[in-house]
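Asks: prediction below, plus the sequence it came from.
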Amino acid sequence: MSDIDLDGPAAGRESVVTDRVDPTVLDGADRVSGGSQDLADRAALRRVASLSTQLTDITEVEYRDLLLEQVVLVGVWSGGTLTDAQASMTELARLAETAGSVVLDALMQRRQHPDSSTYIGSGKVAELKEVVEATGADTVICDGELTPGQLRNLEEKLRVKVVDRTALILDIFAQHARSKEGKAQVELAQLNYLVPRLRGWGIALSRQRGGRVAAGAGIGSRGPGETKLEIDRRRIYKRIAQLRVELGGMRKVRDTKRSQRRDNAVPAVAIAGYTNAGKSSLLNRLTDAGVLVEDALFATLDPTTRKARTTDGRLYTLTDTVGFVRHLPHQLVESFRSTLEEIGDADLLIHVVDGSDASPQDQVTAVRQVLAEIEASTVPEIIVVNKIDAADPVTLAHLRHLFTGAVFVSAHTGEGMEELRSVIARHLPDPAVEVDVLLPYTEGALVSRVHAEGTVLEEEHEGAGTRLRARVNGNLAGLLEGYRVAPAG
Ligand SMILES: Nc1nc2c(ncn2[C@@H]2O[C@H](COP(=O)(O)OP(=O)(O)OP(=O)(O)O)[C@@H](O)[C@H]2O)c(=O)[nH]1
Ligand SMILES: [Mg+2]
């Protein structure tokens, strides 16, 4: 813990490590399959990033415009190794770039705990202010979830916008939400984040906007603004209630669909994993889904379900889901609960890991934490290490050792996909009921269904029809009831 020498890399800066994050700017997609229109929309959104976070229904609320452009990142390293802390900062930089901003600099402070009033220590705030001024940054992004007080105090001291990790992730989700459900889920999460911060932001924002604090007496103290905030607060609560009702309705539709799938006893496989690990690419490989693939965090928010077949011809569904990240904001986990239930309800989980990442095992840890939070830890899991074409062989060897039974694939080259298919087939629950039937030739459709949904053990064409011995699900077994052959002897 404390035995790591900070003075080396940060000579002359005492306990502040200045770690310039490699500004490998993510300039949009590097590969799109079947979603170029979507992508164009998204690029357009990115140029006016602030629009996506403005809540159209509550325009008068001084909601934070996240016009993220020139940013400086700041983090507190309070536990774990330096590598962990740096990985978290690198990820924050990726998140900031995904949201459409340019990262100018990144600072990290070693402290036991974040400072209760300004997140980083007061002496370091002055240092940060120097960096902000020197770089001409207009926004500071903190690597954590800050209290309303911390945000306000920092803004007052730095005189630029201060945003935390949670707000940043919410902003990306808002930019990427496509479906009605996704948009409602994000709006609900944003409002839940907003409520406790309403007063703080109201004040800080007034100060920030063109230095109105100098002209207007009484801003920041009680006054007419307070009444307006109360009204806004009530409107927000009303909107939250309305969104909950709407989402409840959409949830019913989703539940019905899922239970229909259950009745048909088609096994469900969910693809989950860290954001940008290649989940959508894998879905596209295993089916012809044509889901948007993008080198950006949280490209997928809406689950896509496609039919797929095992190597031995059995039908199953494959669902691509929203990616996870370190410290996924609890507001998102909460409002995306119905989407995330697709994972908890699955018969099998394909947990995709980016093998080319600097520390894939940390991704696995973060993902498992979220899985536990959504009560999906009991779903049988296959670890699939993706991007082996781009991964370091030493890392891969380490992963083989860590995760026995993992499958190593490349969604790009197709390597390992055959093995993945057969592993999926092996892990899928086998249809439960064994039947022995004689189906007249007029019942060709039923014969096809047995082939599609069940496992055929024996098939013979006899004079009276097709004799089939097979394992099928309960539903299909019911339909076959009338054609059963009496057990011999
Ligand atoms: N080199 C390499 N790149 C890959 C591979 N699979 C996916 N990628 C790239 O990784 C990036 C992310 O792929 P996606 O399929 O969108 O990842 P995802 O997990 O669905 O991401 P989110 O939906 O954003 O959470 C894209 O740039 C892909 O082209 C692979 O096997 N090898
Ligand atoms: Mg995706």
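Replies: Perfect, thanks for sending it. Numbers count the residues shown, from 1 in each chain. Ligands and ions are numbered 1, 2, ... in the order given.
Asks: now stretch 118-125 - C-alpha only, CSV.
Replies: Provided in CSV are the C-alpha atoms of stretch 118-125 (Å, rounded to 0.1, in the frame of the first residue of the first chain):
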residue,chain,number,x,y,z
THR,A,118,-13.2,19.4,-2.1
TYR,A,119,-12.5,15.7,-3.1
ILE,A,120,-8.7,16.4,-3.5
GLY,A,121,-6.8,18.1,-0.7
SER,A,122,-7.1,21.9,-0.5
GLY,A,123,-3.4,22.5,-1.4
LYS,A,124,-3.9,20.3,-4.5
VAL,A,125,-6.9,22.3,-5.6
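Asks: average pLDDT across it?
Replies: The predicted model gives stretch 118-125 an average pLDDT of 91.
Asks: check stretch 346-359 too.
Replies: 93.
Asks: and that stretch, what's buried?
Replies: The neighbour-count check on stretch 346-359 (16 or more other C-beta atoms under 10 Å) flags A346, D347, L348, L349, I350, H351, V352, V353, D354, G355, S356, D357 as buried. Where you see a C-beta, it was placed from the backbone N, CA and C, and this is true even at glycine.
Asks: straight-line length of that stretch, end to end?
Replies: The first and final residues of stretch 346-359 sit 27 Å from each other (C-alpha to C-alpha, to the nearest Å).
Asks: identify the farthest-apart pair in the buried residues of stretch 346-359.
Replies: Spatial extent of the buried residues of stretch 346-359 (C-beta to C-beta) is set by the pair D347 and S356 at 29.1 Å.
Asks: what number of residues lie near the residue nearest to N473 when sequence neighbours are not counted?
Replies: In space, and not counting its chain neighbours, N473 is closest to A265: 3.2 Å by C-beta to C-beta, 6 or more residues apart in numbering. Number of residues near A265 (other C-beta atoms under 10 Å) recorded here: 20.
Asks: could you look up the SS state of A265?
Replies: Taken by DSSP: H, G, I helix; E, B strand; the rest coil, the conformation at A265 corresponds to coil.
Asks: which ones are touching it?
Replies: By C-beta atoms under 8 Å, 6 or more residues apart in numbering, the residues touching A265 are P431, E453, N473, G474, N475, L476.
Asks: picking up where we left off before, contacting ligand 1 as well, which ones from the buried residues of stretch 346-359?
Replies: Subset of these in contact with ligand 1: empty, counting by C-beta under 6 Å from any ligand atom.
Asks: quick check: residues of the chain near ligand 1?
Replies: 30-31, 275-281, 293-295, 297-300, 323, 386-387, 389-390, 410-412.
Asks: quick one: R244 from L128, how far?
Replies: Distance check for R244 against L128: by C-beta to C-beta, to the nearest Å, it reads 39 Å.
Asks: excluding chain neighbours, give the residue nearest to the most centrally placed residue in the chain in space.
Replies: Against the mean C-alpha coordinate of the chain, by C-alpha atoms, centre = their mean, the closest residue is G323 at 2.7 Å. Spatial nearest neighbour of G323, chain neighbours left out: T275 (3.0 Å); criterion: C-beta to C-beta, 6+ apart.
Asks: gap between T275 and T135?
Replies: From T275 to T135 the distance is 28 Å (C-beta to C-beta).
Asks: G478 too?
Replies: On the measure of C-beta to C-beta, G478 and T135 end up 69 Å apart.
Asks: before we move on, back to that, who has more neighbours out of T275 and T135?
Replies: Counting neighbours by other C-beta under 10 Å for T275 and for T135 shows that T275 has the greater number, 25 against 13.
Asks: touching, that one and T321? I think so.
Replies: No - T275 is not in contact with T321 according to C-beta atoms under 8 Å; the separation is 10.7 Å.
Asks: identify the contacts common to those two.
Replies: With C-beta under 8 Å, 6+ apart, T275 and T321 have no common neighbours.
Asks: so T305 sits against T319, correct?
Replies: Yes - with contact defined as C-beta under 8 Å, T305 counts as touching T319 (4.5 Å).
Asks: comparing the two, which residue is more hemmed in?
Replies: Between T305 and T319, counted using other C-beta under 10 Å, the more crowded position is T319 (23 against 20).
Asks: alright, that wraps it up for me.
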